[in-house]
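>>> I would like the atomic coordinates for the input below:
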Amino acid sequence: MAGKPKVGVLALQGDVREHAALLETLGADVVAVRRPDELASVSGLVIPGGESTVIDKLSRAFGLAQPIRDAISEGMPVLGTCAGLIMLADSVLDAIDGQQTFGGLDVVVRRNAFGRQTESFEAALHVAALGEEPVRAAFIRGPVVESVGAAATTLAALDDGRVVAVEQGNLIGLSFHPEISGEARFHRRLLAAVEQTAGV
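Residues are numbered from 1 along each chain as shown. Model prediction:
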């Protein structure tokens, strides 16, 4: 349908369906991206939560890693949540041997900074860029941003100062899962960037 932003969800592993469902409720035409030709058909991308090491290995096995890096460098809007934030980070602490990322965000992140899945929690975050209403954020074995480089901007931090949301150009990286708590504003922000860059 003309006028609908076409957005991909990287569908190699992780909570793909939740992101796709949320994007569809916001009016997007959603594509499950598993191959380079599917990536080439979309104007924006969500990298979901899951296991960053698995996403890294599968993206290389499916020939997607370099095309995603190229799309990021060419300005494609991308939202990365949890493992997706790790995949967007330029540097990862506690990475396994040989682990690679797509990069693009001038940040250093630490994997599994919030402990085991049994230590999952929710928090209300103030995100000035999204307005006054707090963001309900679900943290599930999420990463934390250890340092934010000059090119990136902090969007949100916990009360203890740990950074959990960053933005750089058309890239958004979140430590948490907005798709689980029903928080749609980050996805709307992604779609706004898609519409701006793609002229939808």
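>>> what ranges do the strands span in this protein?
For the chain, the strands defined by DSSP state E occupy 6-10, 29-33, 44-47, 78-81, 89-93, 105-110, 121-125, 135-139, 144-148, 153-157, 163-168, 171-174.
>>> For the nearest residue to residue 96 once chain neighbours are set aside, give its distance to residue 26.
Computed as Cβ to Cβ, 6 or more residues apart in numbering, the closest residue to residue 96 that is not its neighbour in sequence is residue 53, at 5.5 Å. In short, each C-beta sits where N, CA and C put it, glycine included. The gap separating residue 53 from residue 26 is 30 Å, by Cβ to Cβ, to the nearest Å.
>>> can you tell which of the strands of the chain is closest to residue 194?
Nearest of those to residue 194, taken as Cβ to Cβ: strand 44-47 at 3.8 Å.
>>> Next one: the closest residue to residue 59 other than its chain neighbours from residue 33, what distance?
Sequence neighbours aside, residue 65 is the residue nearest to residue 59 in space, at 4.4 Å (criterion: Cβ to Cβ, 6+ apart). According to Cβ to Cβ, residue 65 stands 12 Å off from residue 33.
>>> Likewise for residue 20?
Taking Cβ to Cβ, one finds residue 20 at 11 Å from residue 33.
>>> which neighbours do those two share?
residue 9 (Cβ atoms under 8 Å, 6 or more residues apart in numbering).
>>> These two: which has the busier surroundings?
Set residue 20 next to residue 33 and count neighbours by other Cβ atoms under 10 Å: residue 33 wins out with 27 against 21.
>>> tell me the pLDDT at the residue nearest to the more buried one when sequence neighbours are not counted?
Counting by Cβ to Cβ, 6+ apart, residue 33 lies nearest to residue 8, which is 3.8 Å off, once chain neighbours are set aside. Note on residue 8: pLDDT of 98.
>>> With just CA atoms, put stretch 104-124 into CSV.
The C-alpha trace of stretch 104-124 is given here as CSV (Å, rounded to 0.1, in the frame of the first residue of the first chain):
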residue,chain,number,x,y,z
GLY,A,104,27.4,2.6,14.3
LEU,A,105,26.8,3.7,17.8
ASP,A,106,29.8,5.5,19.4
VAL,A,107,29.3,3.7,22.7
VAL,A,108,30.9,1.0,24.8
VAL,A,109,28.4,-1.6,26.2
ARG,A,110,28.7,-4.4,28.7
ARG,A,111,26.8,-7.6,28.0
ASN,A,112,24.4,-9.1,30.6
ALA,A,113,25.1,-6.2,32.9
PHE,A,114,21.8,-6.8,34.8
GLY,A,115,22.5,-10.4,35.7
ARG,A,116,20.5,-13.5,35.1
GLN,A,117,17.0,-13.7,33.7
THR,A,118,15.6,-14.3,37.2
GLU,A,119,16.9,-10.8,38.1
SER,A,120,14.7,-9.1,35.4
PHE,A,121,12.9,-6.0,36.5
GLU,A,122,10.9,-3.0,35.2
ALA,A,123,11.6,0.6,35.7
ALA,A,124,10.0,4.0,34.9
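>>> Can you point out the buried residues in that stretch?
Neighbour-count burial for stretch 104-124 flags 104-114, 120, 123 (criterion: 16 or more other Cβ atoms under 10 Å).
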